[in-house]
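Enquirer: Need a 3D model of the sequence below.
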Amino acid sequence: YPYLTGEKSIKGVEYERETIFVERVIDGDTLVDQTGVVYRLLGINTPEKGEEYYQEAKDYLSVVNEKQIEVLRDWDDKGKYGRDLRYIFYEGRLINVELVEQGLASAYYYEDLVYEGKLLTAEKIARENCLMLWEKDCN
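Expert: Just a heads-up that it's a prediction; the model follows:
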């Protein structure tokens with residue numbers, strides 16, 4: 001816990017993008033590749049099954065279903081359930097940020113993520129425009 005001790009130990013490392021083939025989309029922030037590896041979209045959180053906008057988030061991510069995409073890790077490699085935490089790139093688009101921009105996901109706060117600023121800005125814009133997850137906050 002480097003932030004608790006006051007000593008930041010997370011160093012900026014540049015990782016390489018990897019190409020994978022998406023076998024299936026599980027929900028709005030989880031997918032599986034052709035080898036069975038489960039990926040969780042890094043830096044975001046989408047509604048769980050049974051919650052409002054769950055299906056919309058899953059449908060949005062489904063653009064990558066059965067497609068070749070690129071994934072990029074950050075300093076945080078594995079989530080608490082053993083899933084690979086990754087940014088998802090498809091046709092030059094950063095899908096993690098797009099889901100937040102559309103109001104279908106919230107920024108999930110980790111410190112020192114490469115795309116932290118983009119995720120937080122996307123959430124701010126979605127909130128200000130009362131999109132999806134944030135529409136109740138505006139009424």
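Enquirer: switch to C-alpha atoms for all contacts and neighbour counts from now on
Expert: OK.
Enquirer: wait, what's in contact with the nearest residue to Asp137 once chain neighbours are set aside?
Expert: Closest residue in space to Asp137, ignoring its immediate chain neighbours: Cys130 at 7.2 Å, by C-alpha to C-alpha, 6 or more residues apart in numbering. Residues in contact with Cys130, defined by C-alpha atoms under 8 Å, 6 or more residues apart in numbering, are 103, 136-138.
Enquirer: Take those and lay them out in a markdown table including distance to Ile95.
Expert: Output for the contacts of Cys130, formatted as a markdown table (distance: C-alpha to C-alpha, whole Å):
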| residue | distance to Ile95 |
| --- | --- |
| Gly103 | 13 |
| Lys136 | 24 |
| Asp137 | 24 |
| Cys138 | 25 |
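Enquirer: List buried residues within these.
Expert: Using 16 or more other C-alpha atoms under 10 Å as the burial test, these include Gly103 as buried.
Enquirer: Low-confidence bits of the chain, can you list those?
Expert: For the chain, residues meeting the criterion pLDDT under 70 lie at 1-13, 139.
Enquirer: Of all the helix elements in it, which one is longest?
Expert: helix 116-128 (DSSP state H).
Enquirer: could you dump stretch 128-139 to CSV, C-alpha only?
Expert: The C-alpha coordinates for stretch 128-139 follow below in CSV (Å, rounded to 0.1, in the frame of the first residue of the first chain):
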residue,chain,number,x,y,z
GLU,A,128,-23.0,16.9,-17.1
ASN,A,129,-25.1,15.6,-20.0
CYS,A,130,-27.3,13.4,-17.7
LEU,A,131,-26.5,10.3,-19.8
MET,A,132,-27.9,6.9,-18.9
LEU,A,133,-26.4,6.1,-15.4
TRP,A,134,-26.4,9.8,-14.5
GLU,A,135,-29.9,10.8,-15.7
LYS,A,136,-31.5,10.3,-12.3
ASP,A,137,-29.0,12.8,-10.8
CYS,A,138,-30.3,15.5,-13.1
ASN,A,139,-34.0,15.2,-12.4
